[in-house]
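How does the following fold in three dimensions:
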Amino acid sequence: MPKLDSLNPLARRVWTAVVAAYPEWLKYFGTCGEDDLEVAIPATIGSNAGHLVIFTAKGKDVWLRFTPPSMCYSVEDEIELIDVVRQLLTDKASFVGVMRGEEWAGTTLIREGMPGDIPQLERGEVAQVVSWSGKYDRMIGVGNPA
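Numbers count the residues shown, from 1 in each chain. The predicted model follows:
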């Protein structure tokens, strides 16, 4: 576990917010690079999320992701981070990774149970929805390109 004073100012703010909301996660805290924070919380058995990873990048950006490829999402600050984490952990939100063939086409979050919240897909795109519990996991496709 890193020492708080070894982290950059953004990483310290994120550390403080995450510890305040989830003190039991302290054992999952680590560093990324010289002075950025990385927190990797393992998902429960039966989940395809792998880990919920919270990290800062170069002291400028806050990100969260699940383990599957391309499941990474940027948040504005530690306040939005905690809000999004709560939604993910309660399955009110899920990650959606969109692929066009073998190429990544985008990643977003959707609110579960909200009709029409799936991103618009173009012909040949496939979306992988991954929820924290696995309950809402699914693949959505629009067919093959002409």
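
ok, now which ones touch V85?
Contacts for V85 (Cβ atoms under 8 Å, 6 or more residues apart in numbering) come out as 18, 21-22, 52, 54, 64. In this view, the C-beta of every residue, glycine as well, is placed from N, C-alpha and C.

what's the neighbour count on the residue lying closest to P68 once chain neighbours are set aside?
Leaving out its chain neighbours, the residue that sits closest to P68 by Cβ to Cβ, 6 or more residues apart in numbering is V130, at 5.8 Å. By the criterion of other Cβ atoms under 10 Å, V130 has 22 neighbours.

any idea which helix or strand carries the residue nearest the centre of the chain?
Centrality entry for the chain: nearest residue to the mean C-alpha point is R65, 2.7 Å, by Cα atoms, centre = their mean. Following DSSP states H and E, one finds R65 within strand 61-66.

Output the contacting helices and strands for that strand.
strand 51-57, strand 72-75, helix 78-89 (3 or more Cβ pairs under 8 Å, 6 or more residues apart in numbering; DSSP states H and E).

repeat that for 10 Å
Contacts defined by 3 or more Cβ pairs under 10 Å, 6 or more residues apart in numbering; DSSP states H and E place strand 61-66 against helix 9-21, strand 36-42, strand 51-57, strand 72-75, helix 78-89, strand 93-100, strand 103-111.

so what does the last one touch, helix or strand wise?
Contacting strand 103-111 under the criterion 3+ Cβ pairs under 10 Å, 6+ apart are the following elements: strand 61-66, strand 72-75, helix 78-89, strand 93-100, strand 125-130.

how about the nearest residue to L7, chain neighbours excluded?
Once flanking residues are discounted, L7 sits nearest to D35: 5.2 Å by Cβ to Cβ, 6+ apart.

show me what contacts the one you found?
By Cβ atoms under 10 Å, 6 or more residues apart in numbering, the residues touching D35 are 2, 5-12, 56, 58-59.

hmm, back to that, columns mean pLDDT on top of the helices and strands packed on strand 103-111, output as CSV?
Below are these laid out as CSV (pLDDT from 0 to 100):
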stretch, mean pLDDT
strand 61-66, 93
strand 72-75, 92
helix 78-89, 94
strand 93-100, 90
strand 125-130, 89
